[in-house]
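Q: Kindly return the folded structure for what I paste below:
(2 chains)
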Protein chains: 2
Amino acid sequence: MFYLGQKAAQAIDVDLMSKYGYSIDQLMELAGLSVAESIAAEYQAGRVLLCIGPGNNGGDGLVAARHLVQYGFHASLFYPVQPSKDLYKALLRQCEAFKIPLVQDLKTSIDSSDLIVDALFGFSFKGSPRAPFDKVIETLRNTNKPIASVDIPSGWDVETGDPQSAGFCPDMLVSLTAPKQCASGFKGRFHYLGGRFVPPEMASTLGIPEYPGTSNCIRLA
Amino acid sequence: MFYLGQKAAQAIDVDLMSKYGYSIDQLMELAGLSVAESIAAEYQAGRVLLCIGPGNNGGDGLVAARHLVQYGFHASLFYPVQPSKDLYKALLRQCEAFKIPLVQDLKTSIDSSDLIVDALFGFSFKGSPRAPFDKVIETLRNTNKPIASVDIPSGWDVETGDPQSAGFCPDMLVSLTAPKQCASGFKGRFHYLGGRFVPPEMASTLGIPEYPGTSNCIRLA
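A: Got it, this is the predicted structure:
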């Protein structure tokens, strides 16, 4: 399998939308669904806290939250920076319809959760996390609760990963579309792939394995 | 379970979008996914011909076609009236990316298929089918190949069904969101429910049963 660098990941996203005609709503729905399915495959339906970032990675997390509730999980959202974009507002409204509460205090909420979902930053992230996300990542580094990261462990560099071990290593990583280069440094228990929307030509170029049956995710390691 | 009349079904669609914030892209993706999952649960992955109508039922069929290819089916599309709306053009482009051919001759294509998907008309349909769909429905009535209908057997009245037995009775019916009144007259082998996006409050009002695990469909009968 091909591990994607940042530019390749960005180019694939552009192709999915402009060449193959997907809307962001469709891609995000299938991505978030696959994150929820991966989680449900490995963890008991318990209390899950989803940490939501301000971009598309956060959007995937909002979709995953809704599906997790449908699978019997008790979800809550920590969503410190809520962008005004209609897409995210609509996804949040859907979470409200599923009675998913927003929480304010991260530490207390982590303490009362069985699993944390890290949907803060995805493959577009570069550099060092700024406030308030620097503190959020520090808090995630200091918990012993299992963390499931969406696409990239937040704070890691999409290509070089976390060479100084300055961030956290999640228990689960759900790569979306195809794994990014940093995934080769993932040392957690469960590595999944999701986002079952890649056309055959692109799947073959990227060396994406066949999804089993009607599953929306594959366990890679 | 509550069987919906036409007005109730329309009101629910409005609520899903305006009150709960879903986009048509999201609803159609999850609906089409559930149709494909239902089909894969009951039929061997073979040659499937999808008959696509000019509205949202056809859109669900285009999404289902793409997922069926991912499940190993050989899909083709009979799509006699292709609307110019961007949504449908994009869904068709996605099918092209999955190498799903468009066919012109319905009878020949039925003969070389194992299963027909009827995604012609949904719950908004009223009255008698007009050309060219009158002939399409007549052709479907005269085949002995199994037919899987999306939401409503096309040509049936959403409420009264097919009291004069003028149309066809599909082998499978996949009701979306909740069954419509005509579904009580369905005599085929497999009745499924799909469209796993209904918020708990609405699900409880409609008496929608719990979906099992991470499945996107339920077998009702």
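Q: So which residues on chain A come close to chain B?
A: Remark: the part of chain A in contact with chain B comprises A:19-23, A:25-26, A:29-30, A:36-37, A:40-41, A:67, A:70-71, A:89-94, A:97-99, A:196, A:199-201, A:211, A:213-214, using C-beta under 8 Å from any C-beta of the partner chain. Placement of C-beta: from N, CA and C, glycine included.
Q: Give the PyMOL command for selecting the buried subset of those.
A: Only the buried members of the residues of chain A next to chain B end up in this PyMOL selection, burial being decided by 16 or more other C-beta atoms under 10 Å in any protein chain shown:
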select buried, chain A and resi 20+21+22+23+25+26+29+30+36+37+40+67+70+71+90+91+92+94+97+98+196+199+211+214
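Q: Out of the residues of chain A next to chain B, which sit inside helices?
A: A:25-26, A:29-30, A:36-37, A:40-41, A:67, A:70, A:89-94, A:97, A:200-201 (DSSP state H).
Q: I'd like the distance from A:V174 to chain B, if you could.
A: Here the distance between A:V174 and chain B works out to 14 Å (C-beta to the nearest C-beta, to the nearest Å).
Q: Parallel or antiparallel, list what pairs with the one helix or strand that residue maps to.
A: Here A:V174 sits within strand A:172-176, counting by DSSP states H and E. In its sheet, strand A:172-176 lies beside strand A:147-150 (parallel), strand A:190-194 (parallel), with partners assigned from DSSP bridges.
Q: how about the nearest residue to the spatially most central residue of chain A, chain neighbours excluded?
A: For chain A, A:V150 is the residue whose C-alpha lies nearest the centre (C-alpha atoms, centre = their mean; 1.8 Å). Of all residues beyond its chain neighbours, the one nearest A:V150 is A:A119 (4.4 Å), with distances taken as C-beta to C-beta, 6 or more residues apart in numbering or on different chains.
Q: just to revisit the earlier point, how about the strands paired with strand A:172-176 in TSV, adding distance to B:N56?
A: As requested, the strands paired with strand A:172-176 are arranged in TSV below (distance: least, C-beta to C-beta, whole Å):
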stretch	distance to B:N56
strand A:147-150	30
strand A:190-194	27
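Q: of all those strands, which gets the most neighbours per residue?
A: strand A:147-150 (a mean of 29; mean count of other C-beta atoms under 10 Å in any protein chain shown).
Q: list the buried ones in the helix or strand encompassing A:K107?
A: For A:K107, the host element (DSSP H and E) is helix A:106-111. Applying a neighbour-count criterion of 16+ other C-beta under 10 Å, one finds A:L106, A:S109, A:I110 buried in helix A:106-111.
Q: Residues touching it, excluding its own?
A: Residues from elsewhere that reach helix A:106-111 (C-beta atoms under 8 Å, 6 or more residues apart in numbering or on different chains): A:L49, A:C51, A:S76, A:F78, A:V103, A:I116, A:V136, A:T139, A:L140, A:T143, A:K145.
Q: Please repeat the previous calculation with a cut-off of 7 Å.
A: The set of residues that contact helix A:106-111 without belonging to it, under C-beta atoms under 7 Å, 6 or more residues apart in numbering or on different chains, is A:L49, A:S76, A:F78, A:V103, A:I116, A:V136, A:T139, A:T143, A:K145.
Q: Buried ones among the residues you listed?
A: Neighbour counting by 16+ other C-beta under 10 Å classes A:L49, A:S76, A:F78, A:V103, A:I116, A:V136, A:T139 among the contacts of helix A:106-111 as buried.
Q: What residues are bridge-paired with the residue nearest to the centre of chain A?
A: Applying DSSP bridges to A:V150 yields these beta-bridge partners: A:V174.
Q: same thing with A:C217?
A: A:G194.
Q: Touching, it and A:G32? I think so.
A: No. Using C-beta atoms under 7 Å, A:C217 is not in contact with A:G32; the gap is 11.5 Å.
Q: ok, back up a step: ok, the contacts of helix A:106-111 vs B:G161, which is closest?
A: The nearest member of the contacts of helix A:106-111 to B:G161, counting by C-beta to C-beta, is A:S76 at 44.3 Å.
Q: and the nearest residue to A:I100 once chain neighbours are set aside, what does it touch?
A: Of all residues beyond its chain neighbours, the one nearest A:I100 is A:A75 (5.0 Å), with distances taken as C-beta to C-beta, 6+ apart. Under the criterion of C-beta under 7 Å, 6+ apart, the contact list for A:A75 reads A:V48, A:L50, A:A65, A:L68, A:V69, A:I100.
Q: Paired strands for the strand or helix carrying the first one, with orientation please.
A: Using DSSP H and E, A:V48 maps to strand A:47-52. According to DSSP bridges, strand A:47-52 has the following sheet partners: strand A:74-78 (parallel), strand A:115-119 (parallel).
Q: Could you dump these into CSV with mean pLDDT added?
A: As requested, the strands paired with strand A:47-52 are arranged in CSV below (pLDDT from 0 to 100):
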stretch, mean pLDDT
strand A:74-78, 98
strand A:115-119, 98
